[in-house]
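[1] Got a sequence here, can you model it:
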Amino acid sequence: VVNAVKLMSSVDGRSEDRKIYLQLLDQAGKQEGMVLQFASQELCDDYEVVMKSVQRTGSALKHASARLQANRRVVLEAVRQDGRALQFASQFLRSDHAVVLEALENTGEALLYASPKLRADREIVLAAIRRDPRALQHASEDLRADRQLVLHAVQTLGSAIVCASRQLRADRALVLEAVRHEGRALMNASADLRADPEVVLEAIKQDGMALQFAASHLQASRIFVLKAVRQDGAALSRASLDLRQDPEVVLAAVKQRGDAIQYALPQLQGNRPFVIQAVKRYGRALCSVAPKFRSDREVVMQAVKQDGMVLAVASQELRSDREIVEEAVRQNGLALQFASLHLRGDKTLAELAVSNNELARMYFVKNPAPYTLAWTIPAKKKAPGGKAWVKALHKPL
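    You can find the predicted model right below:
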């Protein structure tokens, strides 16, 4: 590309320069057609040069002369390579049925650049949404109110309902079809349908997080919230405050997605029986509950049985507890790295860890006995009581 740019900056349209340019395009990669922007006006108006350029990069049509932007063959070649090149075609060709259809074969986005007349053409719009349902947004207002076209779009992409007319976003059957394919399409439904139990139920079956778009009274419904969190535990974040402290609801969320415990209210995160149940389902829940449980032996034991790596957040005292460390490395050998220095030197524990994960070998300490190196730092001023400072360093041998 750099060499091409340097070359074209000096091209003035002479026959020898034209020959060099054509040779360059023959040898160039797919994206090299854009060097047309550096060509002279004469070359930008040269049919063969422009044709070879758009065959490599459709958007090179942007730099062609107005005469060639109105040339049907050139434009067809350009949109065949990149449908969005339609925006650089002449107004006449942007109204050409065959040219626009060719562009839509490449990308539905090309509908944006078609003439208003063709954006109101049912055949054209149907071709666009078959390629990309989101192209419905570029259709005329009348076609965005066409039920069959909108139905075709939402059956492929539920969220395309956002492009439909307000009247169709209140069409119960149409919205049901949309949320069955994409639960979060509920966000674009009318207020009445977001309060419709059947519509909301279909939405949360497909995506639990669609609960966030339901009416507030459904977010406070235990039945609906349970269904939502069983599909996606994170939906707990959208439940009412009362349900975020309901043990059954929160445990259902944690079972589906362990980190959902972070959305439980603090009083539940501090409830010991609940925390034990939570860490049994998801050991890393220990990271989100009240800090006091990191020193609770029973809680930590249950947590490391489910996920040995949770040993990392246990208290220093419990990381020195042989039984807890043994359970942790049995579940995940790499948990050995979080054990106390003394236990990292325990050969039995190390063998257990390595049998689980060979990489645990790197965390074994052959001689964990610390030594103390003490010395007195001379001080001009004595500390209270006349004693000099003494500093001790503890390092593994």
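[2] drop to CA atoms for contacts and neighbour counts, all remaining ones
    Will do.
[3] State the next helix or strand along the chain beyond the helix or strand E123 falls within.
    Following DSSP states H and E, the helix or strand that holds E123 is helix 122-131. Per DSSP H and E, the first helix or strand lying C-terminal to helix 122-131 is helix 147-156.
[4] Quick one: list the elements packing against the host helix or strand of E202.
    Element membership for E202, per DSSP H and E: helix 197-206. If contacts are counted by 3 or more CA pairs under 8 Å, 6 or more residues apart in numbering; DSSP states H and E, helix 197-206 sits against helix 172-181, helix 191-194, helix 222-231.
[5] mean confidence for that helix?
    Taken as a whole, helix 197-206 has a mean pLDDT of 96.
[6] Can you mark which positions in that helix are buried?
    Buried positions in helix 197-206, judged by neighbour count with 16 or more other CA atoms under 10 Å: V199, V200, L201, E202, A203, I204, K205, Q206.
[7] what about the stretch 1-150 of the chain, any weak spots by pLDDT?
    Applying pLDDT under 70 to the stretch 1-150 of the chain flags residues 1-17, 24-34.
[8] Helices along that one, start to end?
    Remark: helices assigned in the stretch 1-150 of the chain by DSSP state H, counting those that start in this stretch are 2-8, 15-27, 41-44, 47-56, 66-69, 72-81, 97-106, 116-119, 122-131, 147-156.
[9] Compile these into CSV and extend it with columns for distance to P266 and mean neighbour count.
    Converted to CSV, the helices of the stretch 1-150 of the chain look like this (distance: least, CA to CA, whole Å; neighbours: other CA atoms under 10 Å):
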stretch, distance to P266, mean neighbour count
helix 2-8, 61, 14
helix 15-27, 67, 15
helix 41-44, 69, 20
helix 47-56, 61, 22
helix 66-69, 66, 18
helix 72-81, 58, 24
helix 97-106, 53, 22
helix 116-119, 54, 18
helix 122-131, 48, 21
helix 147-156, 41, 20
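[10] Among these, which comes closest to E141?
    helix 116-119 (9.3 Å; CA to CA).
[11] Which strands or helices does that closest one pack on?
    Right, helix 116-119 is packed against helix 122-131 by 3+ CA pairs under 8 Å, 6+ apart.
[12] coming back round to it: distance to P247 added to the helices and strands packed on helix 197-206, as a markdown table?
    Putting the helices and strands packed on helix 197-206 into a markdown table (distance: least, CA to CA, whole Å) gives the following:
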| stretch | distance to P247 |
| --- | --- |
| helix 172-181 | 29 |
| helix 191-194 | 27 |
| helix 222-231 | 11 |
